[in-house]
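Colleague: here is the input, now give the coordinates:
(2 chains)
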Amino acid sequence: MLRMLASIDTKAAVGFGLVAIVALCAILAPWISPYDPNAQDLLNSVAPPAWVSHGGAAGHLLGTDRLGQDVLSRIIYGSRVSLVAAFAAVIASGAIGILLGLVAGYFGGWVATSIMRLVDIMLAIPFILIALVFMTVSGPSLTNLVIAFAIARWVQFTRIAYGLVLELREREFISACITFGVSKFDILFRHILINIAGPLLVVATLELGFVILIEAGLSFLGLGTPPEIPSWGGMLQEGRALINVAWWLTTFPGIAIMLTVVGFNFIGDWLRDSFDPRTDIGRSLADPMVGSER
Amino acid sequence: MISFLLRRLWQFVIVVIGVITIVFLLQHLSGDPTNLLLPIDSPAEVRTELRHQLGLDQPLVVQYFKFLGDVAQGNLGTSYRFRQPALELVLERFPATLLLAGAALLLSLLVALPLGILAAVYRNSWIDTLATGISLVGQAAPVYWIGLLFILLFSVQLHWLPTMGGGSLAALIMPATTLALYSIARIMRLTRSAMLDVLHQDYIRMARAKGLSEPLVLIKHALRNAAIPIVTIIGLQFGGLLGGAVITETVFAWPGVGRLAVNAVSQRDFPIVQAATVVIAVAFSLINLVVDLLYAFLNPRVRLE
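Modeller: Numbers count the residues shown, from 1 in each chain, chains lettered A, B, ... in the order given. Alright, predicted model coming up:
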């Protein structure tokens, strides 16, 4: 652990910094945001940022939207939706995916064949379409969004976990466990899971960035969170309608999304490099996002 | 080769049936489909009557096989809004989506392959830095946002390109570039690392020692050996582009399957969403099949495994 901390480079530090800023915004939103994100001020609607020389609205650092709501405050509050959705989705899909990967890798045979065939099938449907189908039937909400991610994204964890378990299963210490009569449950969760936790953490980190990107995309399409909850994707959707008159409505939420995703990607890259890329584990992680789409 | 072909075709069939099954399950596990058709406050008798009409009161297994039979006959339901077969509507718009994804793929290859090769050959030079920068932005920036920025710059400010619609080459430029950005990032990154791996091999040193010209060494000896992972990711990217087109089409009002599906979601027109999913997933599997066969052609060892 100490060795890993010592290996933090500039890129990783930038990643941690960006994620820390977003996390602080989410936690401290009520105290640091200059306005109530839903407070309307129709006299000041679609006002450019304060520092723009022509008609900038004093007191609104990043301008206001159609209802005169402060863009900066909405971006600060919007970080909550992004982070909550990302962590909930990754925990849910990770739990399902890792469990199935462990089971498939350890038991092999028809169990593995059926699970991995299901993975192939899921990978054949672009994620966004699974989300569309699911959201059409169950209606747009944050909970349904998380469920949609759980249904679709577990495959990313299963693929990696399966490969790692296959490799570990042949190692001496696992054979020793079997010889000594350690229960299957203990072998799976106390011996195998712990040894593959690192690489799975890399997948989880990269997935966090991915979920943030796609959650915003779905909100942009009007399929994510309802409009009264400020979210970055929802802001972009509104910005699109006013793109001819208000550039700030599109520019700033997009920057927020991009920087957050860059933050998670940098941390993920650093974690990946921390596991020796020459080992099989490192190699199987070399491109964990292959097959994912946006 | 024949047995490989048959095995791969069989897998394709399984995946297609699987996709149809998942669409069926998603439809039935996530609530009562009559909610889509009736107002929330409609009386229970009306609801029961509709359930009976649609066959929803039959056991799930019976419904499933009926659904499979319908799909096999090309029947994916009738659009609630257009009152036309959903599959017909989707297939009508499919060429537009294919054109957009194809243009984006072509663009990605034209940009990513040379840039990836140059970044590997001139490692740590400004080209490498540029490539890293592009791949950073391409992988982290939301496509729809980049699309909006393009509109802001090229349509609103400069008036160079039309904001939306299909039909002309000019209208294709912005959506295709937007959609391509992510693939450019991925293909370039992979080309760079695959080339770096290969460039250190002895046979490259040998080729140079023989006095071959540098372009010949790079293209004939290095790129051909680096091609396998690159071909794989190109296939995967094309599938990704079909999915990514859903959002890009909405941004630019491109008249394809994606926009049709997104509009159908807001109108709760389920048969359209269902048909769009099946068509795109089948197209994606078909592309994977082609890539795998190509792969086997490039690397004879794969056929024997």
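Colleague: got the contact list for the closest residue to chain B within the stretch 1-150 of chain A?
Modeller: Nearest to chain B, among the residues of the stretch 1-150 of chain A, is residue A:126, at 2.4 Å (C-beta to the nearest C-beta). C-beta: built from backbone N, CA, C; applies to glycine. When contacts are counted by C-beta atoms under 8 Å, 6 or more residues apart in numbering or on different chains, residue A:126 touches A:293, B:239, B:240, B:242, B:243, B:244, B:246, B:280, B:281, B:284.
Colleague: pLDDT at the first one, what is it?
Modeller: Model confidence at residue A:293, given as pLDDT, is 38.
Colleague: name the member of the contacts of residue A:126 with the most neighbours.
Modeller: residue B:242 (31 neighbours; other C-beta atoms under 10 Å in any protein chain shown).
Colleague: please report the distance of that residue from residue A:151.
Modeller: Look at residue B:242 and residue A:151: by C-beta to C-beta, to the nearest Å, they are 20 Å apart.
Colleague: also residue A:29?
Modeller: 30 Å.
Colleague: who has more neighbours, these two?
Modeller: More neighbours surround residue A:151 than the other of residue A:29 and residue A:151, with 23 against 17 (other C-beta under 10 Å).
Colleague: ok, residue A:225 touching residue A:143?
Modeller: No: contact between residue A:225 and residue A:143 fails when scored by C-beta atoms under 8 Å: they sit 10.0 Å apart.
Colleague: which one of the two has more residues nearby?
Modeller: Legend: neighbour count by other C-beta under 10 Å for residue A:225 and residue A:143, higher for residue A:225 (22 against 10).
Colleague: what secondary structure does residue A:37 sit in?
Modeller: Taking DSSP: H, G, I helix; E, B strand; the rest coil as the rule, one finds residue A:37 in the coil state.
Colleague: ok, it - contacts?
Modeller: Counting by C-beta under 8 Å, 6+ apart, residue A:37 has contacts A:69, A:70, A:73, A:74, A:76, A:77, A:230.
Colleague: now pLDDT, secondary structure and neighbour count too, for those residues, in TSV please.
Modeller: Shown next, in TSV, are these (pLDDT from 0 to 100; DSSP: H, G, I helix; E, B strand; the rest coil; neighbours: other C-beta atoms under 10 Å in any protein chain shown):
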residue	pLDDT	secondary structure	neighbour count
A:69	82	coil	22
A:70	83	strand	27
A:73	86	helix	23
A:74	88	helix	27
A:76	90	helix	24
A:77	89	helix	22
A:230	86	coil	25
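Colleague: can you say which helix or strand has the one residue in chain B that gets nearest to chain A in it?
Modeller: Among all residues of chain B, residue B:243 sits closest to chain A, at 2.4 Å; criterion: C-beta to the nearest C-beta. Using DSSP states H and E, residue B:243 falls within helix B:224-252.
Colleague: give the next helix or strand downstream of that helix.
Modeller: Heading C-terminal from helix B:224-252 (DSSP H and E), you reach helix B:257-266.
Colleague: near chain A, anything from that following helix?
Modeller: Yes: Helix B:257-266 lies within reach of chain A by C-beta under 8 Å from any C-beta of the partner chain, at B:261, B:262, B:264, B:265, B:266.
Colleague: isn't the fourth one right up against residue A:132?
Modeller: Yes: under the criterion of C-beta under 8 Å, residue B:265 makes contact with residue A:132 at 5.5 Å.
Colleague: the two: which has the busier surroundings?
Modeller: residue A:132 (26 against 22).
Colleague: quick one: pLDDT of the more buried one?
Modeller: 79.
Colleague: likewise for residue A:75?
Modeller: According to the prediction, residue A:75 has pLDDT 89.
Colleague: contacts only, for it.
Modeller: Contacts of residue A:75 (C-beta under 8 Å, 6+ apart): A:62, A:230, A:232, A:235, A:252, A:253, A:256.
Colleague: tally of neighbours for residue B:217?
Modeller: Look at residue B:217: counted by other C-beta under 10 Å, it has 20 neighbours.
Colleague: what sits against it?
Modeller: Applying C-beta under 8 Å, 6+ apart to residue B:217 gives the contacts B:204, B:207, B:208.
Colleague: how many residues are close by residue B:41?
Modeller: 5.
Colleague: did I read that right, it in a strand?
Modeller: No: counting by three-state DSSP, residue B:41 is not part of a strand but coil.
Colleague: so for the nearest residue to residue A:76 once chain neighbours are set aside, what's the pLDDT?
Modeller: Closest residue to residue A:76 apart from its sequence neighbours, by C-beta to C-beta, 6 or more residues apart in numbering or on different chains: residue A:33 at 4.3 Å. Residue A:33 carries a pLDDT value of 80.
Colleague: find the residues that touch each one of residue B:265 and residue A:132.
Modeller: Contact with both residue B:265 and residue A:132 is made by residues A:223, B:273, according to C-beta under 8 Å, 6+ apart.
Colleague: in the stretch 51-200 of chain A, which spans are helices?
Modeller: With DSSP state H, counting those that start in this stretch as the criterion, the stretch 51-200 of chain A has helices at A:71-107, A:109-124, A:127-138, A:142-169, A:172-179, A:184-186, A:193-220.
Colleague: so which of these is nearest residue B:272?
Modeller: Minimum separation from residue B:272 across the helices of the stretch 51-200 of chain A (C-beta to C-beta) falls at helix A:127-138, 9.2 Å.
Colleague: ok so, going back, out of the helices of the stretch 51-200 of chain A, flag the one nearest residue B:97.
Modeller: The nearest among these, by C-beta to C-beta, is helix A:127-138 at 12.0 Å.
Colleague: so what secondary structure elements neighbour the closest one?
Modeller: Counting contacts by 3 or more C-beta pairs under 8 Å, 6 or more residues apart in numbering or on different chains; DSSP states H and E, helix A:127-138 is packed against helix A:142-169, helix A:193-220, helix B:2-29, helix B:224-252, helix B:257-266, helix B:270-298.
Colleague: now the fourth one against helix A:109-124, angle please.
Modeller: Angle, helix B:224-252 to helix A:109-124, by axes from the mean of the first three to the mean of the last three C-alpha atoms, to 10 degrees: 50 degrees.
Colleague: which parts of the stretch 101-250 of chain B sit against chain A?
Modeller: Applying C-beta under 8 Å from any C-beta, we find that the stretch 101-250 of chain B lies next to chain A at B:136-137, B:139-145, B:148-149, B:151-152, B:156, B:182, B:190, B:193, B:232-233, B:236, B:239-244, B:246-247, B:250.
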